[in-house]
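Engineer: Provided below are the primary sequence and the corresponding predicted coordinates.
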Amino acid sequence: MKLIAKLIFSLAANGIALWIAAHAVQGFSIVPTVRAYLIVAAVFTVIELIIRPILKLLLAPIIIITLGLGLIVIDAIVLEVLAHTVGQYISITGLYPLVYATLIIGAVHVILSVSSKYIHD
């Protein structure tokens, strides 16, 4: 039961983060329908659960050398994989929108995860 709650929270957090990034970053857009956001958030959640840990393991030396800033590169790669996977629903035009969207999504994840820990404790 705890796993299902965690997956639902992750799906909701990803949906909120993607929505904020799509509205805040010029050049990062998602088709403005509920169905598109649900599909993109679901695929993003699956990619984060499967590909992100593998990338973190493979790029661990870079993460350590850069004192954690290498995680931004991993998150950008995950976002690019997302764009290539569900390209009919999401569009990223250029490096700057990719970096800005990555930073916004990361910040939203941090805020939501910290707030969820305070709610559950």
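Structural biologist: Here it is on my side, so go on.
Engineer: Please make it C-alpha for all contacts and neighbour counts, starting now.
Structural biologist: Will do.
Engineer: ok, now which ones touch Glu80?
Structural biologist: Leu98 (CA atoms under 8 Å, 6 or more residues apart in numbering).
Engineer: Now name the helix or strand holding it.
Structural biologist: If you go by DSSP states H and E, Glu80 is part of helix 70-85.
Engineer: Is Ser29 in a helix, a strand, or coil?
Structural biologist: Put simply, Ser29 is strand when judged by DSSP: H, G, I helix; E, B strand; the rest coil.
Engineer: who touches it in this structure?
Structural biologist: Neighbours of Ser29 in contact, by CA under 8 Å, 6+ apart: 22-23, 90-92.
Engineer: Out of those residues, which sit inside helices?
Structural biologist: Among these, the subset assigned to helices under DSSP state H consists of 22-23.
Engineer: Can you tell me which of the contacts of Ser29 comes closest to Ile62?
Structural biologist: Ile92 (25.1 Å; CA to CA).
Engineer: And for the closest one, the neighbour number?
Structural biologist: For Ile92, the count of nearby residues is 21 (other CA atoms under 10 Å).
Engineer: That one bridge partners, please.
Structural biologist: Here Ile92 sits in beta bridges with Phe28, going by DSSP bridges.
Engineer: For Lys2, see how far away Gly106 is.
Structural biologist: Distance, Gly106 to Lys2, using CA to CA, to the nearest Å: 23 Å.
Engineer: coming back round to it: please export the C-alpha coordinates of the helix holding Glu80 as CSV.
Structural biologist: C-alpha atoms of helix 70-85 as CSV (Å, rounded to 0.1, in the frame of the first residue of the first chain):
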residue,chain,number,x,y,z
GLY,A,70,26.2,16.3,-12.2
LEU,A,71,22.6,15.5,-11.1
ILE,A,72,21.4,18.4,-13.2
VAL,A,73,23.0,16.7,-16.2
ILE,A,74,21.2,13.5,-15.4
ASP,A,75,17.9,15.3,-14.9
ALA,A,76,18.4,17.0,-18.3
ILE,A,77,19.1,13.6,-19.9
VAL,A,78,15.9,12.2,-18.4
LEU,A,79,14.0,15.2,-19.7
GLU,A,80,15.4,14.6,-23.2
VAL,A,81,14.6,11.0,-23.1
LEU,A,82,11.0,12.0,-22.1
ALA,A,83,10.9,14.4,-25.1
HIS,A,84,12.0,11.7,-27.5
THR,A,85,9.6,9.1,-25.9
